[in-house]
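In: Need the 3D shape of this:
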Amino acid sequence: MTKNWLSYDDQVALLSQRGMHIEDAQAAVEFLSRVSYYRLSGYLRHWQRAPQHGDNRFIEGTSFEKIRDLYEAEQRLVNVLDEALHPIEVLLRTRFAHAYGRIIAPKGTFAHGEGFTQSPLPNAERVEEHALTNLDRSKESFVTHYRDELKQGHRYKPEAYDRMPIWVAVEAFSFGSLSRLIEASGQSGVLDHIATSMNTSRKLLPGQIRSFVYLRNRIAHCAKLWNHSVLDVPGLQPKTVRRIKQHYRNFTDHSIYKILIALDDISTRSGLQNSWLENSIEPMLKTHPLLAQGITQPTKYGDTPTDILRYAFI
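Out: Got it, this is the predicted structure:
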């Protein structure tokens, strides 16, 4: 189908034409000038009758203001998540550099892959290449200070980083690269040292970090969290799952909420925060049941029970 350009006023008119109730058309125009129609459509589709078959009409009682409230509630949740993720990322950088420097070597060896278990696949990229790519692209003064001008083509040789301490290098790694290095350091003892220092499970920590990277990337790219089914699912202790379901709420395995539980667990065990889930997350979810539904038990378009959607407008 051909998609035509529409002014903000025309976008509001289209929503109204499709059966959406709009209390304040001008306020709706102003909102769509800040949050695009396309971005909002990821939420709207749950209230449309059969968009997969071209029926974009809204179910009876659909309210623009209520869906806007859902979006804004999610943004408040995002801000709280960002505040929790940042100190965990800094902590992991610190603990990884400290453990690697103590167990393997303080400088240079990371660039040559020492201390990391490599993939057995014949054409697989070496683990340290992710970190070296970060360093090669960096223009930070602390990187250029320790990086020697030893190149092969357009890339720096690993030897270019022989003078660089690991605690310097780690500050230029992406969170994703850091996650890969931590996961690959299991046989060298680095992972064990990190997990012990954080009072957490060596077995679960790498998967939990991957899920934190996944969540951080979605937040960084302003991607939707509500009714999103997670790909990188963190592992949890069975007793943790039982406690959360007993004291707070049920959740599905691929929910954003499961990552939040892992965040709470790591934050508590490492001493960063205490009762974060209870004090920062649960009050937000309790005041917005529709947000809670999509964060704890995500559904695909057309699979959310109509009574839950209609309840949002009561």
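In: tell me which element the residue most central in space within the chain falls in.
Out: With distances taken as CA atoms, centre = their mean, the residue of the chain nearest its centroid is Leu215 (0.8 Å). Counting by DSSP states H and E, the element that carries Leu215 is helix 205-220.
In: Flag every buried residue along the helix or strand following that helix.
Out: The first helix or strand that comes after helix 205-220 along the chain, using DSSP H and E, is helix 238-247. Of the residues in helix 238-247, Ile244 count as buried by neighbour count, 16 or more other CB atoms under 10 Å. All C-beta atoms are positioned from the backbone trio N, CA, C, and that covers glycine.
In: Show me the shaky parts of the stretch 201-314 of the chain.
Out: Along the stretch 201-314 of the chain, the parts satisfying pLDDT under 70 run over 311-314.
In: those helices in the stretch 101-250 of the chain, which residues are they?
Out: With DSSP state H, counting those that start in this stretch as the criterion, the stretch 101-250 of the chain has helices at 128-137, 141-146, 166-169, 175-184, 190-197, 205-220, 238-247.
In: Looking at those, which is nearest to Leu291?
Out: Relative to Leu291, the nearest member of the helices of the stretch 101-250 of the chain by CB to CB is helix 205-220, separated by 15.5 Å.
In: Output the contacting helices and strands for the closest one.
Out: In this structure, helix 205-220 makes packing contacts with helix 64-103, helix 175-184, helix 190-197, helix 256-269, judged by 3 or more CB pairs under 8 Å, 6 or more residues apart in numbering; DSSP states H and E.
In: Out of these, the one nearest Leu277 is which?
Out: Among the helices and strands packed on helix 205-220, the nearest to Leu277 by CB to CB is helix 256-269 (3.8 Å).
In: quick one: buried residues of the closest one?
Out: Neighbour-count burial for helix 256-269 flags 256-268 (criterion: 16+ other CB under 10 Å).
In: distance of Thr117 from Arg126?
Out: When CB to CB, to the nearest Å is applied, the distance between Thr117 and Arg126 equals 11 Å.
In: Met164 now?
Out: Looking at Met164 against Arg126, where the rule is CB to CB, the gap reads 18 Å.
In: So between these two, which is more surrounded?
Out: Counted by other CB atoms under 10 Å, Met164 and Arg126 do not tie: Met164 has more neighbours, with 22 against 14.
In: My guess is Gly176 contacts Val213. True?
Out: Yes. Counting by CB atoms under 8 Å, Gly176 sits close enough to Val213 to count as a contact (5.1 Å).
In: ok, these two, which is more surrounded?
Out: Each of Gly176 and Val213 had its neighbours counted (other CB under 10 Å), and the higher figure belongs to Val213 (20 against 16).
In: how about the more buried one, what does it touch?
Out: Contacts for Val213 (CB atoms under 8 Å, 6 or more residues apart in numbering) come out as Phe175, Gly176, Ser179, Asp232.
In: ok so, going back, for the helices of the stretch 101-250 of the chain, could you give me JSON lines that also reports distance to Leu291?
Out: Formatted as JSON lines, the helices of the stretch 101-250 of the chain follow (distance: least, CB to CB, whole Å):
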{"stretch": "helix 128-137", "distance to Leu291": "35"}
{"stretch": "helix 141-146", "distance to Leu291": "41"}
{"stretch": "helix 166-169", "distance to Leu291": "40"}
{"stretch": "helix 175-184", "distance to Leu291": "26"}
{"stretch": "helix 190-197", "distance to Leu291": "33"}
{"stretch": "helix 205-220", "distance to Leu291": "15"}
{"stretch": "helix 238-247", "distance to Leu291": "17"}
